[in-house]
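S.K.: Got a predicted structure plus its sequence, pasted below:
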Amino acid sequence: MKRRTFIKAASVAGAATLIDRQPLAAESHARPVYPKSKDGGPIILSTWDFGPEVPQAAVAALSRGGTLIDAVEAAVMIPEADPKVTSVGYGGYPDREGRVTLDACIMDGNGNCGSVVFLEHIKHPVSVARLVMEKTQHVMLAGEGALQFALENGFKKENLLTKEAEAAYKEWLKTSKYNPRLLDKDNHDTIGLLAMDGKGAMAGACTTSGMAWKIRGRVGDSPIIGAGLYVDSDVGGATATGLGEAVIKVAGSFLIVELMRHGKSPQEACRMALERIVHKQPKYAAGNDFLAGFVAMNKDGEVGAMSYRRGLQYTLYKEGVTRIVDAEFLAS
């Protein structure tokens, strides 16, 4: 279930970043604990393995004197611009009408946030979401209004349907069967990312092209504050991946942060959120293709991750080292 394989090491701001690919959690069910960095540096946590360039972009932004919002935006822009990533940004698989629509949100630890949904023709929806947060009194813009806002603020209108995605769409049209395989690596890997600086301040971002072949207009959890992403520097943050409808129904990321507020560890909180989904919506657990997962980090720098089924990985950057970790899972 690896998003892709990266063996190379790269450097950020003149410092080498090491890649440790040994599973740290795997199937052991031992709770992974990573307290605040000994070097006082940032901690970057994100869903899946989109490559070391992602946390490096965040660290580089901070090393240039940027804010945490600069950092999380720069990080998720990497998969947004990658045509090989078929579920985020440019290269994302289209809806059943053959049109690529994007969703994204961004949030700081003080509750400031912005979101765009059902946005077409703009390669970096997270940057539009940031402008919604910074330049308007609103939180969410949708569809044509979001596109108009983006164009008015200097974004370039582009065709986001790559040749590869178009070919996949034409193949799908032969049957037009809508039965998303949520364990398929090409159809679930939203990137949600959390960052914390050495002083304990936090921010996060989440961006996706959504489920392939979705009904036109469908929006999942990723751009919804409290579902796909929630951050509170007083407590911690959480972000989600997998079937957005399941996450929305329990306000998953907000639920995890509130559980941490009441003393639960990030790992415990992620598990309890998944258990809530299964308890309230047992139909999800009844199928063998259901996947939903969360990653979380508290204000002390402790992280946790859990998915319903085996397969979720997360990326953790701390003290100059990037680790790809196999998340624990609920179902056998």
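M.R.: Received, thanks.

S.K.: can we go C-alpha only for contacts and neighbour counts from here?
M.R.: Noted.

S.K.: element containing Arg276?
M.R.: Element membership for Arg276 (DSSP states H and E) is helix 266-280.

S.K.: average pLDDT across that helix?
M.R.: The pLDDT scores in helix 266-280 average 97.

S.K.: Test my guess that Ala273 contacts Ile256.
M.R.: Yes: counting by CA atoms under 8 Å, Ile256 is a contact partner of Ala273 at 6.4 Å.

S.K.: Counting neighbours, go ahead and name the busier of these two.
M.R.: Neighbour count, other CA atoms under 10 Å: between Ala273 and Ile256, Ile256 has more, with 34 against 24.

S.K.: Doesn't the more buried one lie inside a helix?
M.R.: Yes: counting by DSSP: H, G, I helix; E, B strand; the rest coil, Ile256 falls inside a helix.

S.K.: where does it land on pLDDT?
M.R.: 98.

S.K.: cool, and Phe50?
M.R.: 95.

S.K.: just Thr207 next, same as before
M.R.: 98.

S.K.: With Asn288 instead?
M.R.: 78.

S.K.: Asp189 too?
M.R.: Asp189 is given a pLDDT of 68.

S.K.: please begin residue numbering at 206 from this point
M.R.: Okay, using 206 as the starting number, the last item reads as Asp394.

S.K.: For Asp308, give the beta-bridge partners.
M.R.: Counting by DSSP bridges, Asp308 is bridged to Thr413.

S.K.: Show the contacting residues for the spatially most central residue of the chain.
M.R.: Central residue of the chain (CA atoms, centre = their mean): Gly397, 1.5 Å from the mean position. Contacts for Gly397 were tallied using CA atoms under 8 Å, 6 or more residues apart in numbering; they are 251-252, 281, 409-412, 427, 433-434, 444-446.

S.K.: Can you lay out the residues you listed as CSV showing distance to Lys419 and secondary structure?
M.R.: Listed next are these as CSV, based on distance: CA to CA, whole Å; DSSP: H, G, I helix; E, B strand; the rest coil:
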residue, distance to Lys419, secondary structure
Ser251, 25, strand
Thr252, 22, strand
Val281, 23, helix
Gly409, 26, strand
Ala410, 23, strand
Cys411, 19, strand
Thr412, 16, strand
Ser427, 15, coil
Gly433, 18, coil
Leu434, 21, strand
Thr444, 22, strand
Ala445, 19, strand
Thr446, 16, strand
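
S.K.: Could you single out the nearest of those to Gly403?
M.R.: Gly403 has its nearest neighbour among the contacts of Gly397 in Gly409, at 15.4 Å by CA to CA.

S.K.: For that closest one, list each beta-bridge partner.
M.R.: Beta-bridge partners of Gly409, as defined by DSSP bridges: Met312, Leu399.

S.K.: which residues does it contact?
M.R.: Here Gly409 is in contact with 274, 277, 311-313, 397-400, 434-436, 442 (CA under 8 Å, 6+ apart).
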